[in-house]
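K.L.:
Sequence and predicted structure are below.
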Amino acid sequence: MGVLMVALGLMFQGNWRRGGEVFSPSRHWAMAAILYGSGSLLIAFRAQLPPLFSVVFANTLIMVSITLIHRGIALFVGGKAQDAWYWAASLLVLISFSWFTFAAPNVDARIVIISLMRIPFFVHGMVLLRRSGRSRGEGLLFWVLAAATPWFAIRAGVTGLTDLAIVDFLKAGTFQAFNFLISGVTGVLMVVAQYRLEAERVRADLAAEALRLRQDRDHLEAVVAERTKELTRSNAELEQFAYVTSHDLRQPLRMVTSYLTLLSRKLGSSLDADGQSFIDFAVDGARRMDALIVALLEYSRIGRGNGKPEPVSLDQAMADTLRNLSVVMAETGADIHIAATLPVVEGDRIEFVRLFQNLIGNAIKYVAPDTIPQIRVTCEDEGETWLIRFRDNGIGIPPEDAERVFGVFQRLVGQEQYEGCGIGLAVCRKIVEHLGGNIWEESVPGGGSCFNLRLPKSRNAPLSLAS
C-alpha cells in the first residue's frame, strides 16, 4: 500500500508545473501522498530498520503528510494556511515519539498520539470542504475524511483499555492487518479524491476560458457585423455620391464647352488667332476635366458589382478587348500576338475586359513616334496561380517609377506628348487586387515594358505575400 501511495504521489507531482499550469494545492497533495507512503514503508520494515527510522521518522512523515493534506484543502477552498500549527504538530510528534521510543518506551502512547493528532486536521478539513461543497470531488474527499476520523478516534480510545480480552484482540494479527488496511485505503482514497478535485478544477478553468473565448468571439462577430453594416452603408453612400457628383460636375462642364463652341462660331472670323487659341484651350481643358471625372467614377465603381464571381473565359474577354480596340489597332498597325489559350478564372467579365483594354491600349499608345506597336501576351501555369505577361516595345518605364505608375493621376510624360488622365494603371491594380491577385511592372532589356498579372485559380485561395 505504501508503494502504491508513493507511486501515485510521484504521478501526481508530475502533473504540477511551476507558474500555475495546474494549481497550487496539487503540489501539497502530491507530496502528502509521497510522505504518507514513505512512512508506511518504513513502518512495514520495522523489523529490519532501527526505531529511529521505522518509528520516529516514519510517524513524523505521516504527520507532515496530514498537515500537507489540510494545507492543500485550505488553499483549494480559498482559506488561509495555518503554517504555525503545521510546524507545531510535526515537532510534537517528532519529540513525543522520540521520548516514548527511547526515554520511556510506550507503544500504546505512540498509537494514541498519532491517532489523536490526525483528528483536528481531519475535522477542520471537513468543515472547510463542507462550507465550499461545490463539486463531487470535494464531496468524495469529505466522506473519506468523515470515515477515517471515527476510526482513528476508536483506535486511540480502545488502545488505553486494560481488559485482557480486548488487549489480546488488539495485539492479534487480524486486527493489526485490518488497521493497516483501513489506514492504507484511507490514504489511497484521499489521493484519488485529490486527483478528482484537481481534474474538476482544471475542467472548470478550461470551461471558464472557453466561455470567455466564446464571449470574445461573439463580441468580435457583433463588432464585425456592425462594421460590415456601416461599411456597406458607407459604400452605398459613396457610390451614390460619386454618381451625383460626376453628374453635377459634368453638367456645367458640358455647358461651358457648348457655350464656348457657340461663341467661337458666332464670332467667327472676327476672332483673331489669339482669341481662337484661348477658346480652344478652354474647351480642351473642360473636355479633359470631363474625362477625369469619368475616370474617377469608373475607378470608384471597381469591385462594386452586385453579381457574384463566376467563371470567366479570358479568351472571350480578350476577344471583346481586341474588338473594342479594333479602330486604334487599324490606325497604328499594331502587331498583337495572344497566347493560343488563356485560362478560365473566377471574376467579372466586364472588369477583365477593362483590365485588358487598359494594358493593351497603353501599349499601343505609349510608343516612340513612327514605331509600330508590338505586343505579346503569354500565360504560364504556376500551380495555384496563372501568370499572364503583357510585353511591348513602347517607351518603357524607369525602374524607380515602376511602383509610382500605379498611383492615381500619376503621369510620367507630358499631356502634350501623350493624351490620358493618369488613372488607367491605378484601375488595373484595383481590378487585379479585387480578384485576389497582384500586378507589377518590369523593364524589358532594349526598351519596352512588361506588365505581369498573377491571378489565383480560385477566389477562395488568395495569393500569399510571398507571391
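P.N.:
Structure received.

K.L.:
from here on, contacts and neighbour counts on C-alpha atoms
P.N.:
Fine.

K.L.:
can you pull out the strands in the stretch 351-467 of the chain?
P.N.:
With DSSP state E, counting those that start in this stretch, the ranges of strands along the stretch 351-467 of the chain come out as 374-381, 385-392, 438-443, 449-456.

K.L.:
Now tell me which of those strands the model trusts least on average.
P.N.:
Between those, the lowest average pLDDT goes to strand 438-443, which shows a mean of 87.

K.L.:
Alpha carbons only: can I get that one in CSV?
P.N.:
The C-alpha trace of strand 438-443 is given here as CSV (Å, rounded to 0.1, in the frame of the first residue of the first chain):
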residue,chain,number,x,y,z
ASN,A,438,-1.3,41.3,-57.9
ILE,A,439,0.3,43.2,-60.7
TRP,A,440,3.8,44.7,-61.2
GLU,A,441,5.9,46.1,-64.0
GLU,A,442,9.3,45.1,-65.2
SER,A,443,11.5,46.9,-67.7
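
K.L.:
shaky segments in the stretch 201-350 of the chain?
P.N.:
Within the stretch 201-350 of the chain, the stretches falling below the threshold (pLDDT under 70) are 242-243, 245-247, 295-296, 299-307.

K.L.:
Now do the strands in it.
P.N.:
Shown for the stretch 201-350 of the chain, the strands assigned by DSSP E, counting those that start in this stretch span residues 310-313, 335-338, 344-347.

K.L.:
Would you format those as TSV with mean neighbour count and distance to Phe142 included?
P.N.:
Putting those into TSV (neighbours: other C-alpha atoms under 10 Å; distance: least, C-alpha to C-alpha, whole Å) gives the following:
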stretch	mean neighbour count	distance to Phe142
strand 310-313	15	67
strand 335-338	14	84
strand 344-347	20	67
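
K.L.:
Could you name the specific helix or strand carrying the nearest residue to Phe152 once chain neighbours are set aside?
P.N.:
Excluding its sequence neighbours, the residue lying closest to Phe152 (C-alpha to C-alpha, 6 or more residues apart in numbering) is Ser115, at 5.1 Å. Here Ser115, judged by DSSP states H and E, is contained in helix 107-132.

K.L.:
Report the next helix or strand after that helix in sequence order.
P.N.:
With elements assigned by DSSP H and E, the helix or strand that comes after helix 107-132 is helix 136-159.

K.L.:
By neighbour count, which bits of that next one are buried? Give me those.
P.N.:
Using 16 or more other C-alpha atoms under 10 Å as the burial criterion, the residues of helix 136-159 that qualify are 137-145, 148-149, 151-153, 155-156, 159.

K.L.:
Starting from Phe121, give me the distance back to the residue nearest to Gly125 when sequence neighbours are not counted.
P.N.:
Once its chain neighbours are removed from consideration, Gly125 has its nearest residue in His70; the separation is 5.8 Å (C-alpha to C-alpha, 6+ apart). From His70 across to Phe121, the span is 6 Å (C-alpha to C-alpha, to the nearest Å).

K.L.:
Can you work out which other helices and strands pack against the helix holding Ser115?
P.N.:
Using 3 or more C-alpha pairs under 8 Å, 6 or more residues apart in numbering; DSSP states H and E, the elements in contact with helix 107-132 are helix 58-76, helix 83-98, helix 136-159.

K.L.:
and the ones you listed, which one is worst for confidence?
P.N.:
With a mean of 76, helix 136-159 has the lowest mean pLDDT of these.

K.L.:
mind saving the C-alpha coords of that one as CSV?
P.N.:
Extracted in CSV, the C-alpha atoms of helix 136-159 (Å, rounded to 0.1, in the frame of the first residue of the first chain):
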residue,chain,number,x,y,z
ARG,A,136,-18.3,15.8,-6.4
GLY,A,137,-14.6,15.7,-5.8
GLU,A,138,-14.9,17.8,-2.7
GLY,A,139,-17.8,15.6,-1.5
LEU,A,140,-15.7,12.4,-2.1
LEU,A,141,-12.8,13.9,0.0
PHE,A,142,-15.2,15.0,2.7
TRP,A,143,-16.7,11.5,3.1
VAL,A,144,-13.2,9.9,3.1
LEU,A,145,-12.2,12.2,6.0
ALA,A,146,-15.6,11.5,7.7
ALA,A,147,-15.0,7.8,7.6
ALA,A,148,-11.3,8.0,8.7
THR,A,149,-11.9,10.3,11.7
PRO,A,150,-14.1,7.9,13.8
TRP,A,151,-11.7,5.0,13.1
PHE,A,152,-8.7,6.9,14.4
ALA,A,153,-10.8,8.1,17.4
ILE,A,154,-11.8,4.5,18.2
ARG,A,155,-8.3,3.3,17.7
ALA,A,156,-7.0,5.9,20.2
GLY,A,157,-9.8,5.1,22.7
VAL,A,158,-9.5,1.3,22.7
THR,A,159,-5.7,1.4,23.0
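
K.L.:
orientation of it relative to helix 58-76 in degrees?
P.N.:
Inter-element angle recorded for helix 136-159 and helix 58-76: 150 degrees (by axes from the mean of the first three to the mean of the last three C-alpha atoms, to 10 degrees).

K.L.:
Now do helix 136-159 and helix 107-132, the angle between them.
P.N.:
Our comparison of helix 136-159 with helix 107-132, counting by the same axes, to 10 degrees, yields an angle of 150 degrees.

K.L.:
coming back round to it: my guess is the residue nearest to Gly125 contacts Val127. True?
P.N.:
No: taking C-alpha atoms under 8 Å as the contact criterion, His70 and Val127 are not neighbours in contact, 11.0 Å apart.

K.L.:
out of the two, which sits in the busier spot?
P.N.:
Taking His70 and Val127 together and counting by other C-alpha atoms under 10 Å, His70 has the greater number of neighbours (27 against 13).

K.L.:
now the more buried one: how far from Ala104?
P.N.:
The separation that His70 has from Ala104, given C-alpha to C-alpha, amounts to 31 Å.
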